[in-house]
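Colleague: Starting from these lines, generate the structure:
(one chain, ligands or ions: 1)
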Amino acid sequence: MPQHEGVTYHVSSAWLRLVQGDITEMDTDAIVNAANPSLMGGGGVDGAIHRKGGSKILEECKRIRETEYPNGLPTGKAVITSGGNLKAKYVIHTVGPVWSGGSKGEPELLAEAYRNSLKLAVSRGLKSIAFPSISTGAYGYPVEKACRIALSTVKDFLEKEDKLKEVVFVLYTKHDFEVYKRAAEEILSKVT
Ligand code: ADP
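Modeller: Sure thing, here's the model as predicted:
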């Protein structure tokens with residue numbers, strides 16, 4: 001799917017971009033996978049990343065499970081593998097919360113998934129990162145709510161941390177792109 005539409009905002013010394021497209025096509029330093037705790041692949045964006053990235057990513061995920069997280073990656077945490085056959089050099093795997101009404105700590109856990117992914121990117125010296133809309137597919141988080149947490153968490157992070165230069169949200173559907181864009185118009189200041 002071509003990255004056919006985009007809008008760019010400025011936060012401190014970084015760019016924050018929204019595009020509609022397929023995250024597996026991104027050539028940012030890292031792309032983020034909305035994984036599940038098993039780290040063994042799955043549906044949605046997770047399946048697409050493993051399909052296109054090849055077996056190297058899965059091998060590294062297996063090693064992470066064996067060494068660091070034998071019981072699976074907890075919600076809100078993030079780990080990093082290489083990008084395998086993808087254009088991106090790295091994949092950061094994080095687990096967003098499953099939506100169960102909003103009173104089970106979902107907003108904070110979703111913010112943690114974004115924050116820990118961003119921190120990991122910075123700790124590896126990466127300059128650019130692309131996110132999908134974490135939790136809003138199979139995990140059922142309403143996109144109108146999730147996008148506000150996604151955008152404000154990234155904004156707050158970029159205001160405190162100047163090493164990351166570009167954060168891209170890659171929205172798979174036109175609908176999600178429009179929802180993110182409407183929220184961004186309120187939360188961020190646009191570059192004309
Ligand atoms: P989760 O389990 O965290 O909800 P999903 O993969 O089911 O993860 O969905 C998260 C979001 O990723 C959804 O908005 C879905 O439309 C989107 N998505 C699916 N495939 C891709 C892709 N190739 N690139 C970007 N986003 C994608």
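Colleague: Could you use CA atoms for every contact and neighbour count after this?
Modeller: Noted.
Colleague: Which parts of the chain are helices?
Modeller: For the chain, the helices defined by DSSP state H occupy 44-53, 55-67, 106-123, 143-160, 174-187.
Colleague: need these in a markdown table with distance to A30, mean pLDDT and mean neighbour count, can you?
Modeller: Listed next are the helices of the chain as a markdown table, based on distance: least, CA to CA, whole Å; pLDDT from 0 to 100; neighbours: other CA atoms under 10 Å:
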| stretch | distance to A30 | mean pLDDT | mean neighbour count |
| --- | --- | --- | --- |
| helix 44-53 | 12 | 98 | 19 |
| helix 55-67 | 13 | 98 | 16 |
| helix 106-123 | 7 | 98 | 21 |
| helix 143-160 | 15 | 97 | 18 |
| helix 174-187 | 20 | 97 | 16 |
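Colleague: For A88, find the nearest of those helices.
Modeller: A88 lies closest to helix 44-53 among these, at 9.4 Å (CA to CA).
Colleague: For the spatially most central residue of the chain, name its beta-bridge partners.
Modeller: Nearest residue to the geometric centre of the chain (CA atoms, centre = their mean): F131, 2.8 Å. Taking DSSP bridges as the rule, F131 bridges to F169.
Colleague: list the contacts for it?
Modeller: The contact partners of F131, taken as CA atoms under 8 Å, 6 or more residues apart in numbering, are 23, 31-33, 167-170.
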